[in-house]
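> What follows is a protein structure lacking sequence information:
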Ligand code: ATP
Ligand code: MG
């Protein structure tokens, strides 16, 4: 029978790569605790309307990237989540989380977008999302950027630069929109198909186009900051000043708009040149209108999402000492070998005692010659082999053999072996 394969654009993460994923996830958990963010877990499937109402109809995601299906039992349109912010806001509204005050939340997991698979772009990918609800000032926007800068340091990553912009408020965007439409209409012949289609539905998104032929036109387009009011200016200034004080470098990119409709005020992307075309590893901003748009009481929100595949790829490329150390730390301390039926049973018991002493222990299973067991022990990456043969059994001892450092094999009682291994 022909073997089946995974769905295109949806990947297995194999054990040799999972070590780096776990290093990333462990680092992220510690980092989020350090800033007082609490974990929230939402379903992978939501009503389609949630994403249409939040992300916006004239966006890449809603137009062509969603995995949408009809639940035939109750005739409801459902969608595999393409991102987490909409679900997180829905959950906050549904469970009245803001009654308990402002919320700092995070989530992680798989997202689904029907995109053309390529390096750094997949149909199932993973995000860590961070959101803050109920906080209107620039202090929290700045916190998100300052904390992200710290994460890169914790992971040992370098060369990730911050691009920042303000999308102002809806009045400014409406005025800008009229000028953009007028400008692009004058240059209609230079617009690609996507841009022509969006000219009236979502002209701001034309600025987000990845088509290199359109870049000169986009650079010449009227800029939003000409329409910004004092409040928007003050907010943006507050973010920038806090970053300056904290020593977080950034560059202001007036053409930075996000691919989703719900943003206002601050938007940002963290970008690296080390990954080729898919260089944005983290992106986000403020979305003060989203609660109301989803049927909740108005409440400010801001947040960001990281692309885990892209960050793990960067860890691989940059091979930071922190990540290498973490991969090594995953290896077992001890591999337990044994010869004979009685020794096999004692080995299972002794392995438990070693684990009681906080050691990481792999017990040899499946029998085999001493030589083949020793090969396994070497391949396991363990620091020590603990050997139980008939002789050891009689002496009520085990043999301890260092596998990765110089040293002789010694026969000692298990308690002494534990001391020896723990160093
Ligand atoms: P892009 O411009 O690369 O399509 P986006 O604006 O659609 O990104 P967001 O919705 O802001 O991306 O998602 C946040 C982050 O999630 C991105 O910066 C990226 O790191 C990651 N990401 C988004 N889509 C994918 C994907 N299809 N495969 C892998 N990672 C992704
Ligand atoms: Mg996209």
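Good, I have the coordinates. In this text, all values refer to a predicted model and were calculated from it rather than measured experimentally. Ligands and ions are numbered 1, 2, ... in the order given.
> The residue of the stretch 251-400 of the chain found nearest ligand 1: neighbouring residues, count only.
At 2.2 Å from ligand 1, residue 307 is the closest residue in the stretch 251-400 of the chain, using Cβ to the nearest ligand atom. (Each C-beta comes from the backbone N, C-alpha and C, glycine too.) Counted with other Cβ atoms under 10 Å, residues neighbouring residue 307 total 24.
> so what secondary structure elements neighbour the helix or strand of the chain with the lowest mean pLDDT?
Ranked by mean pLDDT, DSSP states H and E, the weakest helix or strand in the chain is helix 321-329, scoring a mean of 79. The contact analysis (3 or more Cβ pairs under 8 Å, 6 or more residues apart in numbering; DSSP states H and E) places helix 321-329 against helix 15-34, helix 138-155.
> Go through stretch 139-152 and flag the buried ones.
Within stretch 139-152, the residues scored as buried using 16 or more other Cβ atoms under 10 Å are 140, 141, 142, 143, 144, 145, 146, 147, 148, 149, 151, 152.
> among the residues you listed, which are in reach of ligand 1?
Among the buried residues of stretch 139-152, none lies close to ligand 1 by the criterion of Cβ under 6 Å from any ligand atom.
> Now do the domain split for this structure, please.
As assigned by automatic domain parsing, the chain contains the domains 15-169+229-324, 331-418.
> Select from the helices and strands packed on helix 321-329 the stretch with the lowest mean pLDDT.
When the helices and strands packed on helix 321-329 are ranked by mean pLDDT, helix 15-34 comes last with a mean of 94.
> Need the residues that contact that one.
By Cβ atoms under 8 Å, 6 or more residues apart in numbering, the surrounding residues in contact with helix 15-34 are 13, 39, 106, 108, 128, 130, 147, 150-151, 154-155, 308, 311-312, 315-316, 322-323, 326-327, 330.
> and those residues, which are buried?
Neighbour counting over those (16+ other Cβ under 10 Å) leaves 106, 108, 128, 130, 147, 151, 155, 308, 311-312, 315, 323, 326-327 as the buried ones.
> thinking again about what came up before, how many degrees apart are the least confident helix or strand of the chain and helix 138-155 in direction?
Interaxial angle of helix 321-329 relative to helix 138-155 (axes from the mean of the first three to the mean of the last three Cα atoms, to 10 degrees): 60 degrees.
> which other residues reach the helix or strand that helix 321-329 is followed by?
Counting by DSSP states H and E, the element after helix 321-329 in chain order, helix or strand, is strand 334-338. Contact with strand 334-338 is made by 344, 346-347, 350-351, 354, 359-364, 370, 373-374, 376-377, 380, 382-389, 403, 421, as judged by Cβ under 8 Å, 6+ apart.
> any idea of the mean pLDDT in stretch 253-273?
According to the model, stretch 253-273 has a mean pLDDT of 88.
> Just checking the distance from that stretch to the centre of its chain.
Relative to its chain's centre, stretch 253-273 lies at 17 Å (Cα atoms, centre = their mean, to the nearest Å).
> Equivalent analysis for stretch 241-253, please.
Relative to the chain's own centre, stretch 241-253 is displaced by 23 Å; criterion: Cα atoms, centre = their mean.
> same deal with stretch 291-303?
On Cα atoms, centre = their mean, the centre of stretch 291-303 falls 23 Å from that of its chain.
> I'd like to know how far the nearest residue to residue 205 once chain neighbours are set aside sits from residue 181.
Excluding the flanking residues, the one nearest residue 205 by Cβ to Cβ, 6 or more residues apart in numbering is residue 198, at 5.4 Å. For residue 198, the distance to residue 181 equals 10 Å [Cβ to Cβ, to the nearest Å].
> more crowded one of the two?
residue 198 (20 against 14).
> neighbouring contacts of the strand or helix carrying the more buried one?
Assigned by DSSP H and E, residue 198 belongs to helix 193-201. For helix 193-201, contacts defined as Cβ under 8 Å, 6+ apart pick out 57, 58, 181, 184, 185, 188, 191, 205, 206, 209, 211, 214.
> Give me the average confidence score over that helix.
Average pLDDT, helix 193-201: 88.
> I'd like the next helix or strand past that helix.
Once helix 193-201 ends, the next helix or strand along the chain (criterion: DSSP H and E) is helix 215-220.
> any residues touching that next one, and which ones?
By Cβ under 8 Å, 6+ apart, the surrounding residues in contact with helix 215-220 are 184, 187, 190, 191, 206, 207, 209, 255.
> Buried ones in it, by neighbour count?
Using 16+ other Cβ under 10 Å as the test for burial, helix 215-220 gives 217, 218.
> now stretch 150-169
151-152, 155-157, 160, 162-169.
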